[in-house]
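Undergrad: Everything below, folded, please.
(one chain, ligands or ions: 1)
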Amino acid sequence: MVTRSEFTKYFLPVYNPGQFIPTKGKGSFVWDQKNNKYLDFASGIAVSSLGHCHPDLVDALNQQSKKLWHLSNYLTNEPAIKLAKTLCKKTFAEKVFFSNSGAEAVEAAVKTARKFAHNEYGKGKSNIVAFDDAFHGRTLLTIALNGSKRMTEGFEPLPKGIIQHPYNQIDGLENCINDKTAAVILELVQGEAGIIPAQQKFVNAIKRLCKQHNVLIIIDEVQSGVGRTGHLFAYEKYKIQPDIVCSAKALGNGMPIGAMLTSTKVGKYMQPGAHGSTYGGNPLACAVAFEVINKISKKSILNGVQKKEKRFLDGLNKINASLNCFDEIRSAGLWIGCKLRVQSKLNLDNLMQAAYSNKLMILKANNNTIRIAPSLIIEDKLIDEGLERLKKSIQQLLD
Ligand SMILES: *Cc1c(COP(=O)(O)O)cnc(C)c1O
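TA: Next comes the predicted model:
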């Protein structure tokens, strides 16, 4: 049997995983090597939105796995076309590019935006405006978009032409978004920062300046998209017409896939040779993602998200009323951040450990926030059960 210490021995030390090793999952449950059974309030990081090993997704993967795994992009394939068509039908998009991950979808978005600005308006229009505490991935470009020292230190030189501005701050926005700007990239709800929703007036200010200066709007929906907020994509709620949307995470429910969605107009300069990916759009991932999108875009699932969100909030508010442990509870669908009121033993790391020992999987985010991102189809009784386990974990640290 492989062990956790072998992880330490053989892995680049960029991760510090929990002590148990999960071996199988089903719905909202995960089992470890010792057959302990955990309730999953994390879904990876908001990835397994239909739970683990959903039978219809297993079917889609099995069937495709017997037909065709790979082609180069010198040829296309049926699952990729079906997925692209569905994404275009269900969103603002007219054109799709498939990648393997969120960071690659962002990379494609920034390349597409710069190419468009360059070809339409000439050389001087290449800046990308991004926001403090954003998360767009871990490549050199995407850490540069994040801008925080914590992520960039030691990795310089970084890609240039990125302008940083505080999130949700309208003041000074007009100094960043101007005729030199190719695009603004933002999350409508910042996930890694601790589930921080954008204010509508902030989004409106961005919209207005972008229109005024012919600037494209890139919405990073890698974490917020595919049903997480109770909408297929969060931009629907903000009534904003994006030029480009980045998707990944839940799109594959665990199969690695990312997508950049855009319009015919914005995408028209991305001609052969401009961009590509060996695995992007591969039949296996696309067959699963096709099934995912068709399921999650159903009204029954999206409306269910809003009902379950309320159940979570009611439960969390009750916990807070009795334990006084959160400074704030924020949510956007089944995506909930509870800012911990840190006190002696009650801190994020201890709480993660306590939750694991009570057989509950939760997530951390920045700013002392615990993050909850369960399956979108989690049963109500499991929500109640998980909240009991969370309460018990907090109580143990307060005693
Ligand atoms: C996770 C995430 C990414 C990066 O996705 P990867 O698949 O890890 O590259 C980008 N943007 C947002 C908003 C994310 O949450």
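Undergrad: Around Ser300, how many other residues sit close by?
TA: 8 (other C-beta atoms under 10 Å). Glycine gets a C-beta too; all of them are placed from N, C-alpha and C.
Undergrad: same question, the one 5 residues further on
TA: Around Val305 there are 22 other residues, counting by other C-beta under 10 Å.
Undergrad: Chain neighbours aside, what residue packs nearest to it?
TA: Gly230 (4.0 Å; C-beta to C-beta, 6 or more residues apart in numbering).
Undergrad: ok, the one you found to the ligand distance?
TA: Gly230 is 17 Å from the ligand, where distance means C-beta to the nearest ligand atom, to the nearest Å.
Undergrad: Quick check, pLDDT for that residue.
TA: Note for Gly230: predicted pLDDT of 98.
Undergrad: That one contacts Ile301, correct?
TA: No: using C-beta atoms under 8 Å, Gly230 makes no contact with Ile301, being 9.3 Å away.
Undergrad: who's more crowded, those two?
TA: Gly230 (22 against 17).
Undergrad: Let me know the helix or strand that the more buried one is in.
TA: Using DSSP states H and E, Gly230 is not contained in any helix or strand.
Undergrad: Name all residues that make contact with it.
TA: Applying C-beta atoms under 8 Å, 6 or more residues apart in numbering, we find Gly230 in contact with 237, 302-303, 305-306, 309, 333-334.
Undergrad: Sort out which of the residues you listed are in helices and list them.
TA: 302-303, 305-306, 309 (DSSP state H).
Undergrad: pLDDT at Leu141, what is it?
TA: Listed pLDDT for Leu141 reads 98.
Undergrad: And it, its phi and psi?
TA: phi -60, psi -50 (degrees, to the nearest 10).
Undergrad: Find the nearest non-adjacent residue to it, please.
TA: Pro159 (5.0 Å).
Undergrad: so is that neighbour in a helix, a strand, or just coil?
TA: coil (DSSP: H, G, I helix; E, B strand; the rest coil).
Undergrad: Quick check: it vs Glu388, distance?
TA: The spacing between Pro159 and Glu388, counted by C-beta to C-beta, to the nearest Å, is 47 Å.
Undergrad: check contacts around the residue in the stretch 251-399 of the chain that the ligand sits nearest to.
TA: The stretch 251-399 of the chain approaches the ligand most closely through Gly258 (6.2 Å), counting by C-beta to the nearest ligand atom. Taking C-beta under 8 Å, 6+ apart as the criterion, Gly258 is in contact with 98-105, 222, 246-248, 251, 280.
Undergrad: where exactly do the strands run in the stretch 251-399 of the chain?
TA: 258-262, 326-331, 336-340, 360-361, 363-365, 369-372 (DSSP state E, counting those that start in this stretch).
Undergrad: elements contacting the last one?
TA: Packing partners of strand 369-372 (3 or more C-beta pairs under 8 Å, 6 or more residues apart in numbering; DSSP states H and E): strand 336-340, helix 348-357, strand 363-365.
Undergrad: now the angle from the second one to strand 336-340?
TA: So the one you mean is helix 348-357. 120 degrees (axes from the mean of the first three to the mean of the last three C-alpha atoms, to 10 degrees).
Undergrad: pretty sure Asn320 contacts Ile329?
TA: Yes: taking contacts as C-beta under 8 Å, Asn320 lies within contact range of Ile329: 6.8 Å.
Undergrad: Where do the domain boundaries of the protein fall?
TA: 4-54+299-398, 68-296 (automatic domain parsing).
Undergrad: and among those, the most buried is which?
TA: domain 68-296 (a mean of 20; mean count of other C-beta atoms under 10 Å).
Undergrad: Find me the pLDDT at the residue of the stretch 101-250 of the chain found nearest the ligand, would you?
TA: Nearest to the ligand in the stretch 101-250 of the chain, going by C-beta to the nearest ligand atom, is Gly102, at a distance of 2.2 Å. Looking at Gly102, its pLDDT is 98.
Undergrad: quick one: contacts for it?
TA: By C-beta under 8 Å, 6+ apart, the neighbours of Gly102 are 136-137, 220, 222-223, 246-249, 258.
Undergrad: So which of those residues are in strands?
TA: 220, 246-247, 258 (DSSP state E).
Undergrad: Looking at the residues you listed, which one is closest to Ser297?
TA: Nearest to Ser297 among these: Ser247, at 12.7 Å, using C-beta to C-beta.
Undergrad: Am I right that Gly280 is in contact with Val96?
TA: No: when contacts are counted by C-beta under 8 Å, Gly280 is not listed as touching Val96 (10.3 Å).
Undergrad: Could you report the pLDDT at Val266?
TA: 98.
Undergrad: actually Cys176, sorry about that
TA: Confidence score, pLDDT, at Cys176: 96.
Undergrad: For the helix or strand hosting Asn175, which outside residues touch it?
TA: Assigned by DSSP H and E, Asn175 falls within helix 173-176. Helix 173-176 has contacts (C-beta under 8 Å, 6+ apart) with 129, 163, 165, 205-206, 209.
Undergrad: which ones among the residues you listed are found in helices?
TA: Using DSSP H, these in helices are 205-206, 209.
Undergrad: just the residues you listed that are near the ligand?
TA: By C-beta under 6 Å from any ligand atom, no member of these lies near the ligand.
Undergrad: Could you dump these into a markdown table with pLDDT added?
TA: Shown next, in a markdown table, are the ones in helices among the contacts of helix 173-176 (pLDDT from 0 to 100):
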| residue | pLDDT |
| --- | --- |
| Ala205 | 98 |
| Ile206 | 98 |
| Leu209 | 98 |
